[in-house]
Every structure is written in structure tokens, then in C-alpha cells.
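A.B. asks: Below: sequence and its predicted model.
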Amino acid sequence: MTQNKITVDGQYRKYPPLWPRYVIEAIGCAVILYLTNDIVSFNGINERGAAMAKVVLLGLLKPSLAVILDTSSVGLAYMLMETLAIAFLGTIFGLILALPLAFLSSRNVAPRWVNYICLTIISIIRAFPSFMYAIMFVKVVGTGPFAGVLTMSIGSVGMLAKLMIESIEDMNPGIIEALDAAGCSPFEKIRYGIIPQLSSNIVSTVIYRLDINVKNATILGVVGAGGIGASLIHAIGQGNWPNTSAMLLGLIVMVLLLENFSTRIRKKLAMGE
Amino acid sequence: MFDDLLHIFYPREYTLGNGKVVKEKFNPAPYITIAVIIVTVYFINFTGLSLTKLVNRFHFFFEMLGQMFPPRWAFWAEMKKAMWDTIVMSFLGTAFGCLLALPLSFYLSNNFKLPNWYLKGHKAVLSIFRTLPTLIYARLLSIIIGAGTLSGTISIAIFTYTIAVKMMYEQIETIDMGPYEAMESTGATRMQCITCAAFPQVRGFYWSTVLYCFETNVRSAAILGYVGAGGIGVLMNAQLSWRNYDNAGLMVLVLVITVVVIETISREIRKKLIQG
Amino acid sequence: MIKFDHVDKVYANGTKALDDVNLEIEQGEFVAIIGLSGAGKSTLIRTINKMIEVTGGVVSVDGVDVSKLSGKALRRYRRKIGMVFQSFNLVNRTTVINNVLSARVADMGFFRTLFGLYSREDKIKALEALDKVGILDKAYSRADQLSGGQQQRVALARTLAQDPEIILADEPVAALDPVMADVVMSDFQKINRDMNITVLINIHHVDLALQYADRIIGIQAGKIVFDGPTSLYKQDEKANFRKIYGRDIIDDDLMKERK
């Protein structure tokens, strides 16, 4: 037995002090309160705000049927279709851009220095704020959905590539070796060795990104890059609540349907069907 | 060769030596590929995409980049307040959203014996709110309570709340309820059981969620100024419409650096949290 | 004194887990409940602290009808009943001492719980409980770094920190190897003898039950088929085993080699 026998009293004294936790919590609260005080200025928002909120909420309860039933290019169906088209094409083109980058960034496909170059390109593309792409593409191809598609494509590259790199690096090299041993050509190796291993992961990633893109497509409208966003923001700005309501309704339904579809397919893919 | 191609679309049949007929498994991939191609072509026409236009005018992209960089450093004095506002908005929005999300996510997870119809209903309402991006909330709020950082903060808080609750209750539904049962048997209240037996199991995940939300919010907060919800977007809009691209360049640079720094730090901390 | 008076339990899916159970258990007894899995052992002990509600008859402890308790009264009642589980039910991601202290939380107010403000008295009590089961040195280790046997002793310490009058144990050694099972069982015995705490153990291994318990209760399909002192059971082991399990004894029913 050693001299320092463990005693209840000795262990009691070792109980970690709580004050560091309280200090951190207190600082956190103080920072939040201080900053909140900085941001909130109660000059006349109370009464006007309450009245306004009432008007807005009542207005939102009466969606404009005219907008919902309108099939022309200012109607709801057309705008939703345009939003969906932007998101869809953005995902497809994003995939086309991301595929080579992802393969070249994977350690088990390309040499180290190629990995670094491609990973750097992906990081740069990702770090640049996506609304800046939108603004710049509007400069390049003019306002409208074309600029939106370009923005979405570039905006999708980062995440798609990142997730694909993970699944490429997780590939089982044994299968390629086996095909090599069987004397398969490079084409056959890709067809029977790589595609079956990756396809379900990639499809799942792409569908997930499509889901995100549809949600984000609203933002494009703000800078004139197409989609339902422009009309929606405009309607809110004008205080046209029935139109706002109709568009919100359409948007919510579309996103929910897509989300549902996306989770279902991804669940199926994850279970290996 | 032609026959091989046809067999992409329908399953081959093989007759084995013992006379049994074996059919290949039906593979829907070719049909899906063709459907995707058709939809793509249709949408390309629908949105008026034109490769020639893009190629012919793509130099404008680099021209604009050239006008933005090098940025005008002197603009820093004018933009630092707006940049600070953007970070504060994201910080406070994240803080309030996640603070609210914590109790609610326990309340909404199906571990704690609330009636099923109620949970389903509440979750459905949340998923409706989750479909709308921060920007829409910001626009609505800037009309209701007036333009400024307050609308931005509240809209970020709403958005954060809806996604943080979902991430959390999904995680809480996977925890081990054994310790909870053990505490319940000592006569502790539901709130005590949650604090001491359930929350410690998701503490790391919760802070990781908070950091993740902060990351995404900093990214999305920059645009909010465009619809009157404060932050750097207001300034960006103005500088771009006055064609002060070098000023815009500085703002983009600062934004990129901020986002990268926050993301790097947050990612490192999150790695530790998930392991610990 | 724990008293079962014509107790029935029928689950919502129609399973009859307890069928006309009548029992009287005095303070300070060490009782082993044996029987096949699914015979109703878990249900039986869980009705005592109302983790499961009975559907007929009366369970009373010291003259108090348990089924009538609810809310605050039920929580106050539960404080004097400790419970130990097969899977230990510790929070893996926190320290041993915090796991033991969680037994003291029921006595604390809202803010003290929220901020983790345990009193000096609580901490000493928790450490003494750890000392009693011989793992005082592990107080500041994380629970998941301990072996299975040590974890079960943490769980036992947690129960002791509660100052219970009764300890209910649901298959406490089923997940342990023979040596650790023996250690944990003798811990239970020591606690029972030194502190006059009633101990009710559900146990699958008949040899352990016979070695440590004063009284054996055999249960089959929700019915009590044997109830008596260990010595009585030992008088005709084979027949009594048959009565409870409906078959002859096999090695699986024993924790250690039989002598």
C-alpha cells in the first residue's frame, strides 16, 4: 500500500470546481445581452409593428386565386417551374463540374499534388459568397434564369465534390484489383468496378443537393437571376399580401413535395435497392 | 453488338444446363438516365440557356473580377460597422434560435411520452416553416418591424430554430433511455431526468449543431441587407449600383476571410466535440 | 413491509404478466426471484416502485397503496426505493461521481439541478457510497472507461447514495462474467446485512440465487409457484426447479461450474 491512501475526504477535495463553467456562461450571457441591446432600438416599432403584423397575417390568410390559376409567365405555375428548372439544371451542371474535380481530389485516384491543386480550387469556389456569383453572372448573361442556373451550378460544386470525395476514398480497392487480375480493360474497370460502388452514393448526394438548391433558388430573384424570388420579394415590398400568400403557398408545397421525394429515394438508396 | 445495346433496356434471360431459365434483375438506371436527359433538354429550352452567349460574354466575369481586385483598402473604414453588424446578426440569431431549440427539441422527441398526433402535428408545422429561407423572413420582418439589424437577427433566429430543433430531436431519439429510467426510479422529475440523464448524452452534438448553424448563418447573412434587414448587404447593394467595384471587392474579400476563419475554427472544435 | 394482494398485470397487447400474485416481504429480507425470461420477474419488481402500473389487486409498501400514488407523492415515495438494472444504465459520457450524484437530484430544486449545484453533503454521500462498493479511486473516471463489473458497482453506489430502504435489482449480473458476478452479489449481500436494506433481485442463475439469497420466489407465467426460505428450496432442488422452469436443470442456468 502506498502512503497516499484514497479517502472520501481526499476525493471530495478533487471535485472539479464549477466556477469556470459559470464564468463562461456569465460571459456568454453578458455578450448576448450587450449585443442585443446594441441591435434593438425601441423607437416606435411596438404599436406600428403590432398593427402591421395583424394586417400581414390577415392578408396571408387570403391567397390570391388569380395568381394560383394564372398559367401565363407571371402566374404561379410558371414561376415555380422556372425555380425548379434553375435548381435542377444547377444540380446537373454542378455534378458535371464536380465529378472530375472530385476524382482528381481523391487520394486513391490521382497523385498528391493534383489532389492539392483540385482541393484548393474547390475551396476557392466554395468560399466565394454565392450571391456574388449571381450578381456577376447577371452581368455576364443578363438578368433571368440563365444567370440563376450558372450561379446554382457553381454554388453546388463545393458540397457535391466534398461528399463525392468521401465516397470515392471509401471505395474498396479489392474489387478493382480483382478486375485487374481478370484482365479487364480500363473501361470495363470503370463500368463494373467503380460505377456500381459509387452510383448510389452519388445519386443520393445529387438528390440532396437538388433539395437544397430548390430552397436556395428563392434568393436568386433578389439580384435578378430568375425564379420566384423576385416576384415574391416584390409582392412583399408592395404589401400585396394575397399575391405573397399565393406564392408562399406554392413554394412551400413544392419544397415539401421535393423534400419528401428526396428523403424517400435516399432512404431506399441507403438500404441498397 | 446491337443486341447487347438492346439488353440495356430489358433483362436478359439465360437457359442453364439443367433447363432452368434465369432472368437478370431489372435495372431501371437506363430509363432514369433517359428521363433526366429529356428533362434537362426541356429545362434548357425553358430557361433560355445558350452556350454561345456564355462563351461570347464570359470575359465579363473576369473583367468584373479585375475591377474588384485589387480592392480599395480605404473603404474598410466605411464598411467595418456593416461587417460587424452582419456577424452580430448571425451570432445573436444563432444564439436565440439554438437557445429556444434546446428545450423544444426534447419536448418534441418521441422518447418522452407525448401523444403521437401532437408530435406529428408540431413537427409538420416546423417543416413548413423550414421550407422558407431566411431571406423571406427578413423581407417580411423588415416590412413589419422596420428595416434594420433587428429584422435580420429575428429572421436568422427563426430559421436557426427550425433547423436546430429538427437536428436535435432526431439525435435525441437515438439516445439510451436507460439512465433516464434509472433517474425516474429515484423519484426525479421529468425536467431533472432530462437535465442529468438525457442532455449529457447529446451535449457534444448540441454544441456542434450551434457551431454549424453559426457557420451557415454567417454565409447567408450577407445577402439579408438586400431586402432591408441590415448588415453588409445594404452597403454591397449601394456600392454595386454605383459601380464602385473596388469597394465591393474589399467587402467580398472580408466576407470570404471571415467565413473561412469561422468555418475552420468551428470545424476543428466540432471534430473534438464529436469525438469527446 | 412489501405486500402484494391478488395482484394482476395484463399488458395492452393482452399478455398476462402477473396472475394473482400474493406476497409479503419483511424489511431487511434478501429475496431472489427466479424463473424463465418472460415469466414476469421484471414486471413484478417494477410494480413496487410503479414504473409499471398494476391492473388488478393492491401493491402496498408500509401500508401505503402504491397504485394510488401519483405526481409529487409518487416521486417522494420512489426516493426510498433504489433500482439496479441489467445494462447498468449509466450516462457513459460523464464521470462516475456525476452518475452517482444523479441519485441526489430528486431532492434538489430547479435551479440547483440546472446548474449542477450539489451540496457538500451530497458529494460526501456519493463518495461514501463509492467507497462502500470499493471503487472510490475511480470517482473521476468516465463511466464508459470502466469494466462491466465496475460499472454495475457504480450503479449500486448510485442506488446507495439515494439512502434507500428497498433495492430492486433487475438481472444485475446477467451481463457480467462469473468472477464479477460473484463480487457484485456479495456487495448486495453486504449492503443487505449491514444496512438492513430489503433487496429484491431478479436473477437467472439459480446457483447465485441459492448462494446469496435468504428467500427464493419462483415465478412461472405470472404465477408464484415457489415461495420459501433458501433452505426449503434446497431440500428438493430438482423438483423445485422443475416446478419453476418446467424442465430439468442445465448448465445455462448456472453461473459457475457446479461442485
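C.D. replies: Here it is on my side, so go on. Residues are numbered from 1 along each chain as shown, chains lettered A, B, ... in the order given.
A.B. asks: Alongside chain A, which residues does chain C contribute?
C.D. replies: Residues of chain C lying near chain A by Cβ under 8 Å from any Cβ of the partner chain: C:97, C:115-117, C:120, C:123-124, C:127-128, C:130-131, C:136-137, C:139-140. Every residue, glycine included, has its C-beta placed from N, CA and C.
A.B. asks: one more time with 10 Å, if that's ok
C.D. replies: C:95, C:97-98, C:101, C:115-118, C:120, C:123-131, C:136-140 (Cβ under 10 Å from any Cβ of the partner chain).
A.B. asks: of those, buried ones?
C.D. replies: C:95, C:97-98, C:101, C:118, C:123, C:125-131, C:136, C:138-139 (16 or more other Cβ atoms under 10 Å in any protein chain shown).
A.B. asks: quick revisit: so which of the residues of chain C next to chain A are also by chain B?
C.D. replies: Restricting the residues of chain C next to chain A to contacts with chain B (Cβ under 10 Å from any Cβ) yields C:98, C:101, C:115, C:116.
A.B. asks: rewinding a little: between which two of the buried ones among the residues of chain C next to chain A is the distance greatest?
C.D. replies: Farthest apart among those by Cβ to Cβ are C:118 and C:138. That separation is 18.1 Å.
A.B. asks: Hmm, residue B:149 is touching residue B:233, no?
C.D. replies: No - with contact defined as Cβ atoms under 10 Å, residue B:149 does not reach residue B:233; the gap is 11.1 Å.
A.B. asks: Which neighbours do those two have in common?
C.D. replies: Residues touching both residue B:149 and residue B:233 (Cβ atoms under 10 Å, 6 or more residues apart in numbering or on different chains): B:82, B:85, B:86, B:221, B:224, B:225.
A.B. asks: quick one: which of these has the most company?
C.D. replies: residue B:224 (35 neighbours; other Cβ atoms under 10 Å in any protein chain shown).
A.B. asks: buried stuff in the host helix or strand of that one?
C.D. replies: Assigned by DSSP states H and E, residue B:224 falls within helix B:199-224. Residues of helix B:199-224 classed as buried: B:199-202, B:204-224 (neighbour count, 16+ other Cβ under 10 Å).
A.B. asks: Could you list the domains of chain C?
C.D. replies: Here the domain assignment for chain C is C:1-80+C:164-183+C:198-249, C:91-163, based on automatic domain parsing.
A.B. asks: ok, and which of these has the densest surroundings?
C.D. replies: domain C:91-163 (a mean of 20; mean count of other Cβ atoms under 10 Å in any protein chain shown).
A.B. asks: tell me how far the ends of it are from each other?
C.D. replies: Distance across domain C:91-163, first residue to last, is 21 Å (Cα to Cα, to the nearest Å).
A.B. asks: How about the most centrally placed residue in chain A, nearest residue that isn't a chain neighbour?
C.D. replies: Centroid check for chain A by Cα atoms, centre = their mean gives residue A:212 as the closest residue, at 4.2 Å. Excluding the flanking residues, the one nearest residue A:212 by Cβ to Cβ, 6 or more residues apart in numbering or on different chains is residue A:159, at 7.7 Å.
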